[in-house]
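S.K.: any chance you can model this:
(one chain, ligands or ions: 2)
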Amino acid sequence: MSNVLIAPSILSADFANLGSAVEAVERAGADLIHVDVMDGHYVPNLTIGPPVVKALKRIAHVPLDVHLMIDNPDDTVSWYLEAGADVVVVHVESCRHVHRVVHAIRQAGRAAGVSLNPGTPLSSVEPVLADVDQVLVMSVNPGFGGQAFIPSAVDRIRELASMIAESGSAARIAVDGGIDVSTARPVVDAGASILVAGNAIFGSDDPAQALADLRAAAMTAVC
Ligand code: DX5
Ligand code: ZN
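M.R.: Ligands and ions are numbered 1, 2, ... in the order given. So this is what the prediction gives:
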């Protein structure tokens, strides 16, 4: 597929130097900057919140793809919209009213995404496929960077791609967790067109080269 977007996850970047991390991957051609928000409740890790999203928005030249791994985004999604998130992705498992939340995101003129964990049935996102711009398939259990890719994600992406095609939705499939030069091709072959990668890019001595390598691996996909 020619139109694969690469979204480096700053979770694996040096938090003391986020600005330079973002600049480095933008120079290397990053399409989005993936920002992992974790609340210590929905996932067993605590990262960053609206002030950091707002600060990143001041310096970023590509859209901020903000992945909310938090309880009840219904209550706080507006914080991230006000902070300048361009894409807001919420988990179907943590929303009380997922349809209402994705509509609130779109109402604010931003792109909406819905994510699902490895143990969540694909059918849980079917009712909102027409209402989202992105479905984010987790290929690890969320909470940490550097985890091993869960292989069943490939079949889930393929099945989701069929569901999306049948529904007439224009949503892209994103995949997050354990994406590297070996997993990029199978997920793109299965139908993913946004690759989130943290450790494979920022865990490298040369993030720019790592991004280029990941893109090259994705481009070898046949679809
Ligand atoms: C995990 C996060 C991911 C994470 C991916 O819960 O949502 O975005 O940064 O990291 P890697 O690419 O290292 O698996
Ligand atoms: Zn993420």
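
S.K.: show me where this protein has helices.
M.R.: Secondary structure of the chain (DSSP state H): helices located at 18-27, 50-59, 73-83, 98-107, 152-167, 184-190, 199-202, 207-219.

S.K.: which other helices and strands contact the third one?
M.R.: For helix 73-83, the contact count by 3 or more Cβ pairs under 8 Å, 6 or more residues apart in numbering; DSSP states H and E identifies helix 50-59, strand 64-69, strand 87-91, helix 98-107 as packing neighbours. C-beta coordinates here come from the backbone N, C-alpha and C atoms, glycine included.

S.K.: of these, give the one that comes closest to ligand 2.
M.R.: Closest approach to ligand 2 among these is made by strand 64-69 (3.8 Å; Cβ to the ion).

S.K.: now the helices and strands packed on helix 73-83 in TSV, please, with extra columns for mean pLDDT, distance to ligand 2 and mean neighbour count.
M.R.: Output for the helices and strands packed on helix 73-83, formatted as TSV (pLDDT from 0 to 100; distance: least, Cβ to the ion, whole Å; neighbours: other Cβ atoms under 10 Å):
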stretch	mean pLDDT	distance to ligand 2	mean neighbour count
helix 50-59	98	13	16
strand 64-69	99	4	26
strand 87-91	99	8	28
helix 98-107	98	16	18
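
S.K.: how close does residue 161 get to ligand 1?
M.R.: For residue 161, the distance to ligand 1 equals 21 Å [Cβ to the nearest ligand atom, to the nearest Å].
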